[in-house]
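**Student:** can't give you the sequence, but here's the structure:
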């Protein structure tokens, strides 16, 4: 079944559709079950962990205003945030001492608290030792001259600081002032976010033992094809697809439909040891979640259709803030790794990324570097001496 798209002003509805034009029609995956549509919707939201204490918005569109930490200001692509940004400053970054602003913030072009920046207080000691200036006010939102409780299009921020202070001793918890924006690395404009959801919907259809057939995704396939994204060979090379089914890019295991919704268990995760006991009944994560091939970082916008997949929650945990190199990528790079026996013979067993962060065997087993080098050359020499003494 072939579906032709409207195309008028970027409309991705089917040709000769009823109703208004729409470049981002979620109806393309309306055939999915409610739980699947909800999972895809959630993947399109910014959901930073511990978001409240950072004054972040949670479970809102990735295209919202972002919070840019002052310490990351030089690295962040500010011009790419289509709905703007606000700079977060801690009191110790802004004040030299109580009531005394650092000279850097008096220079032309510096962030202006109350305009493009705000102060975030997170502890009682910060608030006591570097209090707000006398004429400062807690942040609030207004729309059409009236105060509003929730951020919405057209709402304007006023005030200079917000409080996200945890309780300590006899001092109470204080959460005052509205959330200021989303976590910057999770940002994506509406177009990139929509296309990423299209990819995830297509991958949902192709899970093992799923309740769908490919013909149901014809409209979805047409959208992806029109954008040059429906490249099965490329997806296989990156590990999103294996043997025609959706796969986890890290472990290369085929993803079963039920794993999209079943709660994660750790019984079979040898490398996580007693993690199952530590988090039993304390995690709400599903077995399979949103997976980024390249980590989300401050320096560039990474959430988009060429960087998303479904992957195991445990694999996401193991990968951390590293790039997921596929087996094909490592073989193409051509850096082999091996073990040397006592006779000096080398037995190669896999391929490594050029930065030595990841190794894969010919059948896809994965080794991930878990830390950077810590020993000095002198300490390393001492360690070798100790080892030799024991031989």
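**Tutor:** Nice, thanks for sending it over. The structure displayed is predicted, hence computed values, not measured ones.

**Student:** domain map for the chain?
**Tutor:** The record's domain parsing of the chain by automatic domain parsing lists 8-42+189-319, 48-185, 329-391.

**Student:** closest to residue 1 out of the ones you listed?
**Tutor:** For the domains of the chain, the distance to residue 1 is smallest for domain 8-42+189-319, at 4.5 Å, taking Cβ to Cβ. Where you see a C-beta, it was placed from the backbone N, CA and C, and this is true even at glycine.

**Student:** distance between that closest one and the chain's centre?
**Tutor:** Relative to its chain's centre, domain 8-42+189-319 lies at 13 Å (Cα atoms, centre = their mean, to the nearest Å).

**Student:** ok, now stretch 166-174?
**Tutor:** Worked out by Cα atoms, centre = their mean, stretch 166-174 lies 31 Å from the chain centre.

**Student:** quick check: mean pLDDT of it?
**Tutor:** Averaging pLDDT along stretch 166-174 gives 93.

**Student:** ok so, going back, could you export the domains of the chain as JSON lines, including distance to residue 1?
**Tutor:** JSON lines is the format used below for those (distance: least, Cβ to Cβ, whole Å):
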{"stretch": "domain 8-42+189-319", "distance to residue 1": "4"}
{"stretch": "domain 48-185", "distance to residue 1": "32"}
{"stretch": "domain 329-391", "distance to residue 1": "34"}
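
**Student:** quick one: least confident helix or strand in the protein?
**Tutor:** One helix or strand of the chain scores below all others by mean pLDDT, DSSP states H and E: helix 275-279, with a mean of 39.

**Student:** would you mark the buried spots in the lengthiest strand in the chain?
**Tutor:** The longest strand of the chain (DSSP state E) is strand 346-352. By neighbour count with 16 or more other Cβ atoms under 10 Å, strand 346-352 contains the buried residues 350, 351, 352.

**Student:** of all the domains of the chain, which lies closest to residue 2?
**Tutor:** domain 8-42+189-319 (7.1 Å).

**Student:** who's in contact with residue 288?
**Tutor:** 248, 255, 259, 260, 310, 311, 312, 313 (Cβ atoms under 8 Å, 6 or more residues apart in numbering).

**Student:** list the contacts for the last one?
**Tutor:** Right, residue 313. Residue 313 is in contact with 264, 285, 286, 287, 288, 289, counting by Cβ under 8 Å, 6+ apart.

**Student:** for it, give its distance to residue 288.
**Tutor:** Separation of residue 313 from residue 288 (Cβ to Cβ, to the nearest Å) stands at 7 Å.

**Student:** the fourth one too?
**Tutor:** Note on residue 260: its distance to residue 288, by Cβ to Cβ, is 5 Å.

**Student:** shared neighbours of these two, anything?
**Tutor:** In contact with both residue 260 and residue 288: residue 310, using Cβ under 8 Å, 6+ apart.

**Student:** what are the buried residues along stretch 379-391?
**Tutor:** Buried-residue list, stretch 379-391, by 16+ other Cβ under 10 Å: empty.

**Student:** whoops, I mixed them up, stretch 51-63
**Tutor:** For stretch 51-63, using 16+ other Cβ under 10 Å, the buried residues are 51, 54, 55, 56, 57, 58, 60, 61, 62, 63.

**Student:** so for the third one, what's the nearest residue that isn't a sequence neighbour?
**Tutor:** Ranked by Cβ to Cβ, 6 or more residues apart in numbering and with sequence neighbours excluded, the top spatial neighbour of residue 55 is residue 180, at 4.7 Å.

**Student:** contacting residues for the one you found?
**Tutor:** 55, 56, 57, 65, 67, 86, 88, 118, 139, 157, 162.
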